[in-house]
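Asks: Provide a 3D model corresponding to the input given below.
(4 chains)
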There are 2 protein chains.
Amino acid sequence: MSDFSKLKEHIQKRHPFTDNEADDFCENFKLIRVKKRQFIVQPEFVAKNRFFVLEGSFRAYVIGDEGHEHTIQFAIEDWWITDYNSYIFQHPASMFVMALEDSLVLQISYETEQELKKRAHVYETFFRILAEHTAAHMARRVILNLTKTAEQRFEFIQEKYPAIVNRVPQYALASYLGITTEYLSKLRNRRVSQKS
Amino acid sequence: MSDFSKLKEHIQKRHPFTDNEADDFCENFKLIRVKKRQFIVQPEFVAKNRFFVLEGSFRAYVIGDEGHEHTIQFAIEDWWITDYNSYIFQHPASMFVMALEDSLVLQISYETEQELKKRAHVYETFFRILAEHTAAHMARRVILNLTKTAEQRFEFIQEKYPAIVNRVPQYALASYLGITTEYLSKLRNRRVSQKS
DNA sequence: CGGATCGTTGATCAACTTCAACGGTCGTGG
DNA sequence: CCACGACCGTTGAAGTTGATCAACGATCCG
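Replies: Predicted structure coming up:
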């Protein structure tokens, strides 16, 4: 199955697996086709799976008390996504994870992941590294939110993740930055007219 | 050494170690006494260690471009602290980690941790769980910051972590919540007068 | 072609910051 | 052991950042 080649490359970039180990690892994933606007995680239900994106894009968001959506994470090719708290603790989710486009993902279930981690030290190591990277990434996001203004956060994300900024709808990006779509629109125009 | 009893209890709560494993694990930590206002991590230097707090309290913060301090994390008894991004990737730190009181910590170096993780599957598992919990905690903080107002965040932290709120200086708590100490003071008084 | 969705613009409003001044307390040196 | 300065929390007035509300134009998709 060449569906696994991208995942295989991904895991070997993070930790030195032998070819056999990598193949064995990948066989535990299931290829899933997801249509635009389809949910792969929903509040109230437990997030039973973790997803690796092969093609397409996703958005994880919560709905606050005021009824507004707040984007927690995006995922495009080569990224992982799920409701982290729900998946790790197998509690009911608080997030929606929705496909922004017709997408292709590799799915692994919580039980399968547990079994893999038990089975071999090297798989345990991989998931440890994955968790560390997730934690480090989240820590950087907390710092960004605390130390920068909306405009600076926008500039930063635009520079660092142009692939995402150019691909997701405006309202999704705004709610990721923690601002309204109206204000993002104004920021954007402010920058354009400054440049001229 | 009974200095290790708290750490031993802590790790066994998270993962079933045998008594021998737990003792062997703990022996890799070094007991350090830290005076109030002393730094255990500083910007520019690589965070070579991870710390488990036995007694006392700490505060991790960054200084933004405007020169203000922003608190990223607190740690009291039974918590871990370091500059996560610096420690994991062994890059220069961006944070200060400072003792808020005279404290007692158990320290493990990056090299020792790597060696432990290689040595036995069970140690690898422990650090995987630790990283997962860190990631999950950070994700909850991102959600809190995006979905709640300053006042709601204050109430929430006060309910969930009263031990911290009652122990750290006002300006530290304010900068953790992402507001100024003046505004926190006003929020606090608003609540007091409402209750009467 | 027609409705729903998305981004934009402007006016008004609320949340939070900044600045300045003051009183209390804590720790340190004389 | 006292006195002084530094640090910390508070209060009030004025200023900013970003939200809300409402209206409109463009685009996408059925």
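Asks: next one: the longest helix seen in chain A to chain centre, how far?
Replies: Taking DSSP state H as the criterion, chain A has its longest helix at helix A:121-147. Put simply, helix A:121-147 sits 12 Å off its chain's centre (Cα atoms, centre = their mean, to the nearest Å).
Asks: that helix and DNA strand C in contact?
Replies: No - with Cβ under 7 Å from any atom of the strand as the measure, helix A:121-147 is seen stopping short of DNA strand C, the closest distance being 10.0 Å. Glycine gets a C-beta too; all of them are placed from N, C-alpha and C.
Asks: okay, the angle between the helix or strand just after that helix and helix A:121-147?
Replies: Next helix or strand after helix A:121-147 toward the C-terminus (DSSP states H and E): helix A:150-160. Following axes from the mean of the first three to the mean of the last three Cα atoms, to 10 degrees, one obtains 140 degrees for the angle between helix A:150-160 and helix A:121-147.
Asks: for helix A:150-160, packing partners?
Replies: The elements that helix A:150-160 packs onto, with contact taken as 3 or more Cβ pairs under 8 Å, 6 or more residues apart in numbering or on different chains; DSSP states H and E, are helix A:121-147, helix A:162-165, helix A:170-177, helix A:181-195.
Asks: do that again at 7 Å, thanks
Replies: Helix A:150-160 sits against helix A:170-177, helix A:181-195, with contacts defined as 3 or more Cβ pairs under 7 Å, 6 or more residues apart in numbering or on different chains; DSSP states H and E.
Asks: contacts for the first one, please.
Replies: When contacts are defined by Cβ atoms under 7 Å, 6 or more residues apart in numbering or on different chains, helix A:170-177 is touched by residues A:59, A:61, A:69-71, A:74, A:150, A:153-154, A:157, A:165, A:180-181, A:184-185.
Asks: so which of these also contact DNA strand D?
Replies: A:150, A:180.
Asks: closest to residue B:83 out of the contacts of helix A:170-177?
Replies: residue A:153 (21.0 Å; Cβ to Cβ).
Asks: ok, that closest one to residue B:148 distance?
Replies: Per Cβ to Cβ, to the nearest Å, residue A:153 is found 18 Å from residue B:148.
Asks: can you give me the end-to-end span of stretch A:86-102?
Replies: End-to-end distance of stretch A:86-102 (Cα to Cα, to the nearest Å): 24 Å.
Asks: so for that stretch, what gets flagged as buried?
Replies: A:86, A:87, A:88, A:93, A:94, A:95, A:96, A:97, A:98, A:99, A:100 (16 or more other Cβ atoms under 10 Å in any protein chain shown).
Asks: cool, and stretch A:107-125?
Replies: Buried, per 16+ other Cβ under 10 Å, within stretch A:107-125: A:107, A:108, A:110, A:113, A:116, A:117, A:121, A:122, A:123, A:124, A:125.
Asks: any chance of those residues in TSV with distance to residue A:11 and pLDDT as columns?
Replies: As requested, the buried residues of stretch A:107-125 are exported to TSV (distance: Cβ to Cβ, whole Å; pLDDT from 0 to 100):
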residue	distance to residue A:11	pLDDT
A:107	15	98
A:108	12	98
A:110	18	98
A:113	13	98
A:116	11	98
A:117	14	98
A:121	15	97
A:122	10	97
A:123	9	98
A:124	13	98
A:125	11	98
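Asks: what about chain B: which of those residues touch it?
Replies: Among the buried residues of stretch A:107-125, the residues that sit close to chain B (Cβ under 7 Å from any Cβ of the partner chain) are A:121, A:124, A:125.
Asks: before we move on, the earlier item: and which of the buried residues of stretch A:86-102 is nearest residue B:136?
Replies: The closest of the buried residues of stretch A:86-102, once distances to residue B:136 are taken by Cβ to Cβ, is residue A:88, at 5.2 Å.
Asks: secondary structure element for the closest one?
Replies: helix A:84-89.
Asks: from the contact counts, what lies against that helix?
Replies: helix B:121-147.
Asks: relative to helix A:170-177, how tilted is the helix it packs on?
Replies: Computed by the same axes, to 10 degrees, the angle separating helix B:121-147 from helix A:170-177 equals 110 degrees.
Asks: thanks again, I'm all set now.
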